[in-house]
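1. Generate a structure from the sequence data that follows.
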Amino acid sequence: MSDRKINGADRLPFAATSVLAMMLLTTGCTTPSQPNVTATGTVHVSGEPLSGAVITLEPMRQTTGPNASAPVFDGRFQVPASAGLHGGTYRVRVAMIPAELLAKLPSEQAASLPPADSVIDPSFDAESQLTCELKPDQPNALAFVVEFLK
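-> Predicted coordinates:
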């Protein structure tokens with residue numbers, strides 16, 4: 001009879017341990033949901049909407065998550081939630097899309113492109129000091145003004 005108590009006592013912790021292990025495994029396999037972070041906005045150069053560019057958002061400081069890029073046409077861009085951005089501070093870079101890619105655009109998009117030799121000033125690209133703050137579950141409407149090299 002004492003064997004049954006020992007075996008019974010051994011089974012309870014094993015059962016509790018099994019349940020705990022299953023809870024940890026199932027909890028460990030689920031991904032915590034990230035807030036819905038999107039961004040839309042405009043980019044202008046010399047008072048005109050910019051076309052044929054790409055805007056890149058890079059996390060700064062304690063902001064986690066990936067970089068995200070979006071094309072800019074007719075002065076507008078959109079970064080969807082699927083880009084995986086988190087709330088926080090981002091460096092903003094704007095660069096022209098390479099000419100070989102722009103040459104493949106449909107004529108309706110190509111009509112709004114700046115002259116082929118247009119280059120964004122490095123102070124808005126490689127040396128950019130532009131920043132933005134993105135907040136979860138908010139529209140995050142952004143507006144930027146950049147300049148071409150002269």
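2. Going by C-alpha atoms from here, please, whenever you check contacts or count neighbours.
-> Noted.
3. And the protein, what are its domain boundaries?
-> 1-30, 39-146 (automatic domain parsing).
4. Quick check: what element follows the biggest strand by length in the chain along the chain?
-> Determined from DSSP state E, the single longest strand within the chain is strand 88-96. Downstream of strand 88-96, the first helix or strand assigned by DSSP states H and E is helix 99-102.
5. so where's the protein shaky on pLDDT?
-> For the chain, the stretches with pLDDT under 70 are 1-35.
6. E108 and Q138, how far apart?
-> Applying C-alpha to C-alpha, to the nearest Å, the value for E108 to Q138 is 32 Å.
7. Deepest-packed of the domains of the chain, please.
-> The highest average neighbour count among those, using mean count of other C-alpha atoms under 10 Å, belongs to domain 39-146 at a mean of 16.
8. start to end distance for it?
-> 18 Å.
9. Just list the residues touching A116, thanks.
-> Shown in contact with A116 (C-alpha atoms under 8 Å, 6 or more residues apart in numbering): A99.
10. Which strand or helix spans it?
-> Counting by DSSP H and E, A116 is found in no helix or strand.
11. How much space separates it from A103?
-> For A116, the distance to A103 - C-alpha to C-alpha - is 10 Å.
12. cool, and A70?
-> A70 is 18 Å from A103, by C-alpha to C-alpha.
13. what about the strands in this protein?
-> Counting by DSSP E, the strands of the chain are 39-45, 48-49, 53-59, 68-72, 76-79, 88-96, 131-134, 141-146.
14. Can you tell me which of those strands is nearest to P122?
-> strand 88-96 (8.5 Å; C-alpha to C-alpha).
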